[in-house]
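Enquirer: Sequence plus predicted model, see below.
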2 protein chains.
Amino acid sequence: MSVSSNPYAPSPLDLVSNVNKFQLIESTLREGEQFANAFFSTEKKIEIARALDDFGVDYIELTSPVASEQSRTDCETICKLGLKAKILTHIRCHMDDAKVAVETGVDGVDVVIGTSQFLRQFSHGKDMNYISKSAIEVIEFVKSKGLEIRFSSEDSFRSDIVDLMNIYKTVSAIGVDRVGIADTVGCANPRQVYDLVRTLKSVVSCDIECHFHDDTGCAIGNAYSALEGGAKLIDVSVLGIGERNGITPLGGFMARMIVAAPDYVKSKYKLRKLRDLENLVAEAVEVNVPFNNPITGFCAFTHKAGIHAKAILANPSTYEILDPHDFGMKRYIHFANRLTGWNAIKSRVEQLNLQLTDDQVKDVTLKIKKIGDVRQLSIDDVDSIIKEFHSDLQ
Amino acid sequence: MSVSSNPYAPSPLDLVSNVNKFQLIESTLREGEQFANAFFSTEKKIEIARALDDFGVDYIELTSPVASEQSRTDCETICKLGLKAKILTHIRCHMDDAKVAVETGVDGVDVVIGTSQFLRQFSHGKDMNYISKSAIEVIEFVKSKGLEIRFSSEDSFRSDIVDLMNIYKTVSAIGVDRVGIADTVGCANPRQVYDLVRTLKSVVSCDIECHFHDDTGCAIGNAYSALEGGAKLIDVSVLGIGERNGITPLGGFMARMIVAAPDYVKSKYKLRKLRDLENLVAEAVEVNVPFNNPITGFCAFTHKAGIHAKAILANPSTYEILDPHDFGMKRYIHFANRLTGWNAIKSRVEQLNLQLTDDQVKDVTLKIKKIGDVRQLSIDDVDSIIKEFHSDLQ
């Protein structure tokens, strides 16, 4: 199937859209390390980096080498693994940090500085002139070493738009590889993101990267709208781990993108490795995969209401936009409950290899619903009721 | 503070926006009952309904009274509780269901029918003429009983736009109270939602309600975009529980809306009851509150990286768009790790009531980071290091 025949694909009217050609900057080993529970040993970092690389992410971003001595040596170690993914490290916009970063063996350096009034006042205390001057110095230095360089503002959505566009225009002019927009506090909403990216797109000639925190639940929607507006790279982490409740999650973002660009996503990323990757990271940071996680949550492909089950049995696409098999997952029709319908029970009767007419299935369904009204049913319960009903008929 | 002075509020240019005057249709006892793990006893339903009412939701939606005998009597029971919230029940677009629904004592009836080709082919097998005819019959019947009536399509985003607008125009003309758009499979994205709602707004004169599944992680972003486009009512459930991985979660949606419309949200909903409400439902359906849940996830207000902690200590708004106190929650600065900075440690030194100069704090911070490089630190570990450092100085 060609992408253009997909009705849920980006509109051909959206000329700036990168929905069909986005890239991933995977930040489990940087943003993810800022998650409350994260402490990654060197061995665990290597294991995660290899798994991310195998999954097919474009970039792997690592904690700043100046964060701690071990952070620096781990960065060097991962650079030497010979992964297909490009390795980045994430530093403050300062020459002290840049000088250490370029010696680690990374392919590129992600530079960030706070541009909102909040951060200028309460974090680094510098004005826009100073920011601009340090940005130029750091960018030219990193470029002189032959490395990729990204310049990002921090808390972009609470920064003055004129200040923002000025600094982005400046760094684009001196040849930065990417500029970054960061919703550091998770306040942005999708249409606002689209507008800011569209505006930025008209100001810079380089690629645009976006980073969204999930405090208000829009990190995936914002990332998608950013791509529609012309951003090309999205920061993600496994299960979204990061500061506070984290950023755009890799898995949920894959769910969003496979709907819009199925051929691109399926050919580029090993989606069947997603579950293992999430389990690896969940175990490392001692959390459970959320019950309602897209794709891998325990109920992501469970259908319950009778009316849903009936249609799903006839054609799974009626109530599924994602095909569980693309992710190595399975569909499950939940029939052991009072909301069940006779189509779901009929399917179970067939699985049990019993012969019942449709009217008989309807009778036993009523029986199951009645008991389901009184107490929670297990599959064994339902199977017993069906088998008893069947043997009573003989 | 007036809403108009809030820079993150909806743009005054958005004339159709209902961001400042939205309403909630709380569907934990309908959509939520379709969650894989849900089995609510009558007592539990009553407890949940009372808690939702106390929180301040506008409507409480209940499972169809024809789903099972107990569903019907529970519906009657909840109608008799005398709650402030209006009680709705959710039925198929069929006179058999409508006749039962109007006898339960509900304030209104939510009618739904599948309009996508998928559902017309694999679920009910009816054409648009039939759908239109049954809709008119059911709506006029429910209205004749003096009850509120909503007509919703199902799987709206995979339905033919001309079919959709035709049926909505028809039901609006005969005086339906609300029309509903439902992203039944979770395929919609925010800008698409905005466009469809804007279009629908020009076709109908009644209120618009929206229902978003979260399969691709956009249920909150879509709900917000829908309000911007002129929808007025959003379906939510506690923790988002529902079919598959569920719908727009009440808590995450509150996080989104308090940023946009703080005065409205704070005056209307008892946000400090959110955590108890989520715990009540989580316990009833035997799930854990996800680690990354907005607001109530264990790390939602935890700040870790040194650079974040520094700014947060100076002014919490630097890295927080939500104030934890609005929800009866607390902020936590995570200082026992290798990413820590001297500002976070200085704050801990002060909490311990010890006297150290800034240079001394920087020295002990280096010591803490070094040990944090080797192993995971607890607060007790850090406190011991600080106390030892302090007593060595004496």
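Expert: Great, that's in hand.
Enquirer: Kindly tell me how buried the one residue in chain A that gets nearest to chain B is, as a neighbour count.
Expert: Using Cβ to the nearest Cβ, the single residue of chain A nearest to chain B is A:G221, 2.4 Å away. C-betas here are computed from N, CA, C, even on glycine. Using other Cβ atoms under 10 Å in any protein chain shown, A:G221 has 32 other residues around it.
Enquirer: My reading is that it is in a helix; is that accurate?
Expert: Yes - counting by DSSP: H, G, I helix; E, B strand; the rest coil, A:G221 is part of a helix.
Enquirer: tell me the pLDDT at A:N343?
Expert: We have a pLDDT of 89 for A:N343.
Enquirer: actually A:P7, not the one I typed
Expert: Note for A:P7: predicted pLDDT of 69.
Enquirer: A:S4 too?
Expert: Reported pLDDT at A:S4 in the predicted model: 47.
Enquirer: Show me where the stretch 1-150 of chain A has its strands.
Expert: Listed in chain order, the strands of the stretch 1-150 of chain A (DSSP state E, counting those that start in this stretch) span A:23-26, A:59-62, A:86-92, A:108-114, A:148-154.
Enquirer: Dump those into TSV; add distance to B:I345 as well.
Expert: Below are those laid out as TSV (distance: least, Cβ to Cβ, whole Å):
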stretch	distance to B:I345
strand A:23-26	30
strand A:59-62	24
strand A:86-92	19
strand A:108-114	21
strand A:148-154	22
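Enquirer: could the ones you listed be laid out in CSV, adding mean pLDDT and distance to chain B?
Expert: Below are the strands of the stretch 1-150 of chain A laid out as CSV (pLDDT from 0 to 100; distance: least, Cβ to the nearest Cβ, whole Å):
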stretch, mean pLDDT, distance to chain B
strand A:23-26, 98, 15
strand A:59-62, 98, 13
strand A:86-92, 97, 7
strand A:108-114, 95, 8
strand A:148-154, 96, 9
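Enquirer: Could I get the ones you listed in JSON lines, plus columns for mean neighbour count?
Expert: Converted to JSON lines, those look like this (neighbours: other Cβ atoms under 10 Å in any protein chain shown):
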{"stretch": "strand A:23-26", "mean neighbour count": "24"}
{"stretch": "strand A:59-62", "mean neighbour count": "27"}
{"stretch": "strand A:86-92", "mean neighbour count": "23"}
{"stretch": "strand A:108-114", "mean neighbour count": "24"}
{"stretch": "strand A:148-154", "mean neighbour count": "26"}
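Enquirer: And the ones you listed: which comes nearest B:F141?
Expert: Closest approach to B:F141 among those (Cβ to Cβ): strand A:23-26, 52.9 Å.
Enquirer: So what touches the closest one?
Expert: The contact list for strand A:23-26 (Cβ atoms under 8 Å, 6 or more residues apart in numbering or on different chains) reads A:52, A:57-61, A:85, A:88, A:110, A:209, A:232-238, A:250, A:253.
Enquirer: re the thing from before, please look at the residue of chain A closest to chain B and B:G217 and confirm they touch.
Expert: Yes - contact criterion Cβ atoms under 8 Å: A:G221 and B:G217 qualify, at 7.3 Å.
Enquirer: what's A:I333 in contact with, if anything?
Expert: Listed by Cβ under 8 Å, 6+ apart, the contact set of A:I333 reads A:302-303, A:309, A:312-313, A:344, A:347.
Enquirer: And the nearest residue to the residue of chain A closest to chain B once chain neighbours are set aside, how far from A:V193?
Expert: With Cβ to Cβ, 6 or more residues apart in numbering or on different chains as the criterion, A:G221 has its nearest non-adjacent residue at 2.4 Å, and that residue is B:G221. B:G221 sits 9 Å away from A:V193, going by Cβ to Cβ, to the nearest Å.
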